[in-house]
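Participant: coords please:
(2 chains)
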Amino acid sequence: MQPLTGQHRGHAGQTGAAPARRDPAPSRIAYRLHRLWLTPLFRALLRVGLPAFALVFALGAVFSDAERRAQVVGVWQDLRDAVEARPEFQVTRMEVRGASPTVEAAMHALGPQAFPVSSFHLDLAGLRAEFEALDAVARADLQLRAGGLLDVRIAEREPAIVWRSREGLELLDAEGFRIARLRSRAARADLPLIGGDGADAAVPEALALIAAAAPLGARVIGLTRMGERRWDLVLDRDQRVMLPEREPIAALERVIVQTQTQELLERDVEAVDMRNPARPTVRLSQQALSELRRIRALEQGARNR
Amino acid sequence: MTDLFRKQQAMRQMRRAAMQRGVIAVLDVGTSKVACLILRFDGPERNREMDGVGPMAGQSSFRVIGAATTRSRGVRFGEISAMQETERAVRTALQAAQKMAQMRVDHVIACFSGGGPRSYGMAGDIGIENVAVGEPDIARVLAACDVPDIGTGREVLHAQPVNFTLDHMTGLSDPRGQIGNRLSCDMHLLSVDEAVIGNLIHCIRRCDLELAGIASSAYVSGVSSLVEDEQELGAACIDLGGGATGVSIFIRKHMIYADSVRMGGDHVTADISKGLQVPMAVAERIKTFYGGVVATGLDDREMIEIGGDSGDWERDRRSVSRTELIGIMRPRVEEILEEVRARLDAAGFDHLPSQQVVLTGGGSQIPGLDGLAARVLGQQVRLGRPLRVQGLPQAATGPAFSSAVGLSLFAAHPQDEFWDFEAPADRYPVRSLRRAVRWFRDNW
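Facilitator: Presented below is the predicted three-dimensional model:
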């Protein structure tokens, strides 16, 4: 008897024939999906486009809430602050080297006020520009050193000359760069004095002239710039040496030689006019002139007599 | 004929598109199996110099990247009898091949063996207008061939020019550029049942595929299993398939005759099944394992368990000797070969200079078949295997795949057909306009 619900016997026998190889046909939809999956564009879309879209969508969803955005920004800021506040990055003091006390005080006033400060908040380039903007400072080198030290090395400008301008007395360096205002001439009596408009533009020449006028010693009061083009050497007793625009040193040396040989400037001369080197002229004082005339009249009278 | 012309041209266009994409599938819809190969074309042959492989039949320009075969369903005598089933089989084969190739294919070239192919010889003859023969002249001479009455419900499958004659010089394969007065051509036309083609086209459409060509399997298996000199000197290829046996005759590298016998390996199996009272599957297995056509003394002693599933001990313990099996198989194989012989005689195969017969197809694997065929078909019989092509899996190199491989060669280098030439100019109104101008000139 065969069981009614026996297992289904395929057409292949159990002894002779092997069971038919399983060879199922794909359903229409499976076939189409497989073909779709093998389409390169679709594949690229699914493997790159979909994850990218999901990522963007998720990020958008998370960050669409302003509160959450602020929270994320806050966490980031906290992290940043924590790193910046680490003691390794703290600057505790500033040391200024190579500056005079007044300049140093000005630097401390300009530099960071509240120590300690994080080196992340320190704008060294800006600070350097700020320091170098000071007239008295030629160059400033800033360096962060171990131990929280902000090392500032200053090269100050060397005052070389005093300029009496329309505004007042000013200290200039050898190039004519303004260093500071001077309250009185007496404060820097050791420096030569120049005056006149545009004198600061010709400081090197002035220094050379003053060096050349050294044989005149203490008689030299200073130099005056005339018409912003040439110099007058001012001596005491209201004497002046009017120097030419070109080669003033040679002209001055001639005057000095004449002084040494003929005592030109010791005489009652108001001005020595060297503006035309070919024709040096001497202007006598009024008294000397009348005296000269008197003497000449006397001489003439004696001859006429 | 214009309708067909357009349809075939559209298929050629499709093939060109597939070539541009570089991937095409070939589909052999047989009675016992559906085979699908996916070919990738890498442009012109690249490794010709290096590996010593000549261009042979253009098979070095492509590579098989996917191959699959499945049991055929719903195909009888090489014709679709159950559309849904066949569609399922095509889907199975194609999906497996696509999976292997990791690539989607949209274009497919198919072949089938059924449809009662019938050959016609046609001849055309024209005068050359210009001095030299040009492409339009070829088109004109092809169009000038007198179309035989192929009957209603028949469709032209192949229309291949096989020979050109220019004045008194015949045997030209390409007369273009030659000088002459009269050009005539011989064309081989193969017609099959319209409904069979229509069913196949419909079936492939239903699988979301574009048909890029269609061929007769008798022709393509001849292309793959005949070697070059056989094709040149004259040979017949006999493709012993499951449900139909294809016969094709080649000479001078052209097919000149094709036919099919509506009998094949399935009939042998059916005979065994009936004779031994076993199911078809068992009969198929016995046939492939123990089958033969020439019995020897040893075969009497070789007993084959045929079993059964009836629950009756007597029935389930049956066995037959191999001689008995051969005794069942041999008459049917002989019948098939006799039928083939009749077709070859009708085609005038005896008159060919060389009468080489090549047996291929799954049925040619029966041991001793070549000896039997030599008795029926003449002495020059050999068993043919398809050409080796790049990338073909070992499992698909047997004679059962000769039409699939031939179809790949056909896809790579199709024979010039009638529809590969531009439609001749007299189809256009330009001609009538010219005639009107001439009439004016003559009469004024």
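Participant: Secondary structure class of whichever residue of the stretch 201-305 of chain A sits closest to chain B, three-state.
Facilitator: At 81.0 Å from chain B, residue A:201 is the closest residue in the stretch 201-305 of chain A, using CB to the nearest CB. C-beta coordinates here come from the backbone N, C-alpha and C atoms, glycine included. Classification of residue A:201 by DSSP: H, G, I helix; E, B strand; the rest coil places it in helix.
Participant: Any idea how many residues pack against the residue lying closest to it once chain neighbours are set aside?
Facilitator: Spatial nearest neighbour of residue A:201, chain neighbours left out: residue A:176 (6.1 Å); criterion: CB to CB, 6 or more residues apart in numbering or on different chains. For residue A:176, the neighbour count with other CB atoms under 10 Å in any protein chain shown is 19.
Participant: Residue A:170: what's it in contact with?
Facilitator: A:162, A:163, A:178, A:179, A:180, A:181, A:182, A:200 (CB atoms under 8 Å, 6 or more residues apart in numbering or on different chains).
Participant: Could you double-check that the third one lies in contact with residue A:135?
Facilitator: Yes: between residue A:178 and residue A:135 there is a contact at 5.3 Å, judged by CB atoms under 8 Å.
Participant: Next one: the residue minimising distance to the centre of chain A from residue A:110, what distance?
Facilitator: For chain A, the residue nearest the mean C-alpha position is residue A:129 (4.0 Å; CA atoms, centre = their mean). Distance of residue A:129 to residue A:110, given as CB to CB, to the nearest Å: 11 Å.
Participant: next one: stretch B:200-214 to chain centre, how far?
Facilitator: Stretch B:200-214 has its C-alpha centroid displaced from the chain centroid by 17 Å (CA atoms, centre = their mean, to the nearest Å).
Participant: and if you look at stretch A:195-208?
Facilitator: For stretch A:195-208, the distance to the chain centre is 25 Å (CA atoms, centre = their mean).
Participant: then that stretch to PDB, C-alphas only?
Facilitator: What follows is stretch A:195-208, C-alpha atoms only, in PDB (Å, rounded to 0.1, in the frame of the first residue of the first chain):
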ATOM      1  CA  GLY A 195      66.400 124.700  12.800                       C
ATOM      2  CA  GLY A 196      64.200 125.800  10.000                       C
ATOM      3  CA  ASP A 197      61.600 124.200   7.900                       C
ATOM      4  CA  GLY A 198      62.600 121.000   6.200                       C
ATOM      5  CA  ALA A 199      65.700 120.600   8.300                       C
ATOM      6  CA  ASP A 200      64.800 117.100   9.300                       C
ATOM      7  CA  ALA A 201      65.000 116.000   5.600                       C
ATOM      8  CA  ALA A 202      68.800 116.900   5.500                       C
ATOM      9  CA  VAL A 203      70.000 115.700   8.900                       C
ATOM     10  CA  PRO A 204      73.000 113.600   7.500                       C
ATOM     11  CA  GLU A 205      74.300 116.700   5.800                       C
ATOM     12  CA  ALA A 206      73.800 118.800   8.900                       C
ATOM     13  CA  LEU A 207      75.700 116.200  10.900                       C
ATOM     14  CA  ALA A 208      78.600 116.300   8.400                       C
END
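Participant: Can you list the buried residues in that stretch?
Facilitator: By neighbour count with 16 or more other CB atoms under 10 Å in any protein chain shown, stretch A:195-208 contains the buried residues A:195, A:196, A:199, A:200, A:202, A:203, A:205, A:206, A:207.
Participant: And those residues, which is closest to residue B:71?
Facilitator: residue A:200 (109.5 Å; CB to CB).
Participant: Give me the contacts around stretch B:169-184.
Facilitator: With contact meaning CB under 8 Å, 6+ apart, stretch B:169-184 is reached by B:123-128, B:131-135, B:137-138, B:141, B:163-167, B:252-253.
Participant: Render the CA-only coordinates of that stretch in CSV, please.
Facilitator: Extracted C-alpha coordinates of stretch B:169-184, given in CSV (Å, rounded to 0.1, in the frame of the first residue of the first chain):
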residue,chain,number,x,y,z
MET,B,169,34.5,36.1,-65.1
THR,B,170,32.8,34.2,-62.4
GLY,B,171,33.6,33.3,-58.9
LEU,B,172,34.2,36.8,-57.7
SER,B,173,33.6,37.4,-54.1
ASP,B,174,33.9,41.2,-54.2
PRO,B,175,33.5,42.8,-57.7
ARG,B,176,33.7,46.4,-56.4
GLY,B,177,36.0,48.6,-58.3
GLN,B,178,36.4,46.1,-61.2
ILE,B,179,35.6,47.1,-64.8
GLY,B,180,32.9,45.4,-66.8
ASN,B,181,29.6,45.7,-68.6
ARG,B,182,27.3,43.1,-67.1
LEU,B,183,27.2,42.1,-63.5
SER,B,184,25.2,39.2,-62.3
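Participant: Could you pull up the mean pLDDT of that stretch?
Facilitator: The pLDDT scores in stretch B:169-184 average 85.
Participant: quick revisit: how about the contacts of residue A:170 in CSV, adding secondary structure and pLDDT?
Facilitator: Output for the contacts of residue A:170, formatted as CSV (DSSP: H, G, I helix; E, B strand; the rest coil; pLDDT from 0 to 100):
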residue, secondary structure, pLDDT
A:162, strand, 88
A:163, strand, 88
A:178, strand, 83
A:179, strand, 82
A:180, strand, 81
A:181, strand, 83
A:182, strand, 82
A:200, helix, 81
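Participant: which of the residues you listed count as buried?
Facilitator: A:162, A:163, A:179, A:180, A:182, A:200.
Participant: so how far is chain B from the first one?
Facilitator: Applying CB to the nearest CB, to the nearest Å, one obtains 92 Å for the distance of residue A:162 from chain B.
Participant: again, but for the second one
Facilitator: As defined by CB to the nearest CB, residue A:163 lies at a distance of 88 Å from chain B.
Participant: got the contact list for that residue?
Facilitator: So residue A:163 contacts A:169, A:170, A:171, A:172, A:193, A:194, A:195, A:199, A:200, A:203 (CB under 8 Å, 6+ apart).
Participant: again, 10 Å this time
Facilitator: A:169-172, A:176, A:178, A:182, A:191-196, A:199-200, A:203, A:206, A:222-223, A:225 (CB atoms under 10 Å, 6 or more residues apart in numbering or on different chains).
Participant: and if you look at the last one?
Facilitator: Taking CB under 10 Å, 6+ apart as the definition of contact, the neighbours of residue A:200 are A:161, A:163, A:165, A:170, A:172, A:175, A:176, A:177, A:178, A:194, A:206, A:225.
Participant: from those, which ones fall inside helices?
Facilitator: residue A:206 (DSSP state H).
Participant: where exactly do the helices run in the stretch 201-305 of chain A?
Facilitator: A:203-212, A:248-262, A:286-304 (DSSP state H, counting those that start in this stretch).
Participant: so how far is the first one from its chain's centroid?
Facilitator: Pointing back at helix A:203-212 there. Worked out by CA atoms, centre = their mean, helix A:203-212 lies 29 Å from the chain centre.
Participant: Give me the helices and strands touching that helix, please.
Facilitator: strand A:159-164, strand A:169-173, strand A:193-195, strand A:220-226, strand A:230-235, helix A:248-262 (3 or more CB pairs under 10 Å, 6 or more residues apart in numbering or on different chains; DSSP states H and E).
Participant: Which residue ranges make up each domain of the chain?
Facilitator: This is for chain A. For chain A, automatic domain parsing gives the domain ranges A:87-156, A:159-297.
Participant: The chain in question should be chain B.
Facilitator: According to automatic domain parsing, chain B comprises the domains B:118-193, B:265-333.
Participant: mind listing what's buried in the host helix or strand of residue B:282?
Facilitator: For residue B:282, the host element (DSSP states H and E) is helix B:280-290. Under the neighbour-count criterion of 16+ other CB under 10 Å, helix B:280-290 has B:280, B:281, B:282, B:283, B:284, B:285, B:286, B:287, B:290 buried.
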